[in-house]
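Trainee: just to be clear, the model below is a prediction. Sequence and coordinates:
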Amino acid sequence: MFEQSPRNIGGIAAITPSVKFLLILNVAVYILDSFTNPDPQYRTLANIFALRAHWWENLQFLQLFTYMFIHGSVSHLLLNMVSLFFIGPTVERTVGSYRFFILYYLSGILGGLGWSLLADPGTSCVGASGAVMGILGAFGALYPQAQLLLWFILPVRAWVLVIGLILWELFETVTKQHTGGIANAAHLVGAIAGVSYALALKNPQVVQRIRQYIPGLKQKGPACRTSRKSNPYQPDRLTPEDIDRILDKIGKEGMGALTPRERELLKRATRG
């Protein structure tokens, strides 16, 4: 299912609830902050909620979250929101709104953490770039063969674009640590987080195997196994009610919420 080409990329009609919420929130915060002072250096919200280098010295953990909603300029805001508008809905429809929020915030927080580990004292970071790069990375992992238009002109496969961006951000991070490299670290970590999260959803059996080797996460005993009588989805008989139940789960939580068993049942149903 994940390998199929996504549909309805872009367009107002295709926008999803979580993406709409994030677009409105980011734009509203920027407008509100602009009213405090036209000069970005003296804006109230930016000074309070921007992520500071060495934030751990003052235990400012909340800034790892709030910095994602602060932008330094209209162009900075526009670039992030346009990317979120075109790529975000497809990812949200695939993984579900709940997992989409986790993906967005996880990528942004880890991106900010990656930036702060390289940042010079006295500097600060703002913007949703790390979170948006996570969304793009997840899109590339979920739909590697999907074709995107780079700069709205050049057609490129999603996996090629994501790998190219990761390599570029890595190069910039390593070679320009005291200029653009530090900002690129947030993009790099955010993209890697997005790819990793999407691959974990796409391959739950691999995650399950890895958990067996992590102390404290290994499942004990046969408690997790279900008998044929207690399982609502019988492998030998697939009723219309079973199909409706699976489709309803996809509609509410996305494809990423399906268990390996449910995916297999759905594949059997589509084969007819």
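Mentor: The structure has been received and is ready for your questions. Residues are numbered from 1 along each chain as shown.
Trainee: what's the burial count for residue 245?
Mentor: Residues within reach of residue 245, counting by other CB atoms under 10 Å, total 14. For glycine as for every other residue, the C-beta is placed from the backbone atoms N, C-alpha and C.
Trainee: name the element it belongs to?
Mentor: If you go by DSSP states H and E, residue 245 is part of helix 240-253.
Trainee: tell me the mean pLDDT over that helix?
Mentor: The average of the pLDDT scores along helix 240-253 is 70.
Trainee: residue 30 touches residue 77, doesn't it?
Mentor: Yes. With contact defined as CB atoms under 8 Å, residue 30 reaches residue 77; the gap is 5.2 Å.
Trainee: please identify which of the two sits among more neighbours.
Mentor: Shown here are residue 30 and residue 77; by other CB under 10 Å, residue 30 has more neighbours (22 against 19).
Trainee: quick check: buried residues in whichever strand or helix holds that one?
Mentor: Element membership for residue 30, per DSSP H and E: helix 17-36. By neighbour count with 16 or more other CB atoms under 10 Å, helix 17-36 contains the buried residues 18-19, 22-23, 26, 29-30, 33-34.
Trainee: got the CA positions of that helix in PDB?
Mentor: What follows is helix 17-36, C-alpha atoms only, in PDB (Å, rounded to 0.1, in the frame of the first residue of the first chain):
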ATOM      1  CA  PRO A  17      -7.000  18.900   9.600                       C
ATOM      2  CA  SER A  18      -3.500  18.700  11.200                       C
ATOM      3  CA  VAL A  19      -1.800  20.500   8.300                       C
ATOM      4  CA  LYS A  20      -4.500  23.200   8.300                       C
ATOM      5  CA  PHE A  21      -4.000  23.700  12.100                       C
ATOM      6  CA  LEU A  22      -0.200  24.000  11.800                       C
ATOM      7  CA  LEU A  23      -0.500  26.400   8.900                       C
ATOM      8  CA  ILE A  24      -3.000  28.700  10.800                       C
ATOM      9  CA  LEU A  25      -0.900  28.500  14.000                       C
ATOM     10  CA  ASN A  26       2.400  29.400  12.300                       C
ATOM     11  CA  VAL A  27       0.900  32.300  10.300                       C
ATOM     12  CA  ALA A  28      -1.000  33.600  13.300                       C
ATOM     13  CA  VAL A  29       2.100  33.500  15.600                       C
ATOM     14  CA  TYR A  30       4.100  35.400  12.900                       C
ATOM     15  CA  ILE A  31       1.400  38.100  12.500                       C
ATOM     16  CA  LEU A  32       1.000  38.500  16.200                       C
ATOM     17  CA  ASP A  33       4.800  38.800  16.700                       C
ATOM     18  CA  SER A  34       5.000  41.300  13.900                       C
ATOM     19  CA  PHE A  35       2.700  43.600  15.700                       C
ATOM     20  CA  THR A  36       5.000  43.700  18.700                       C
END
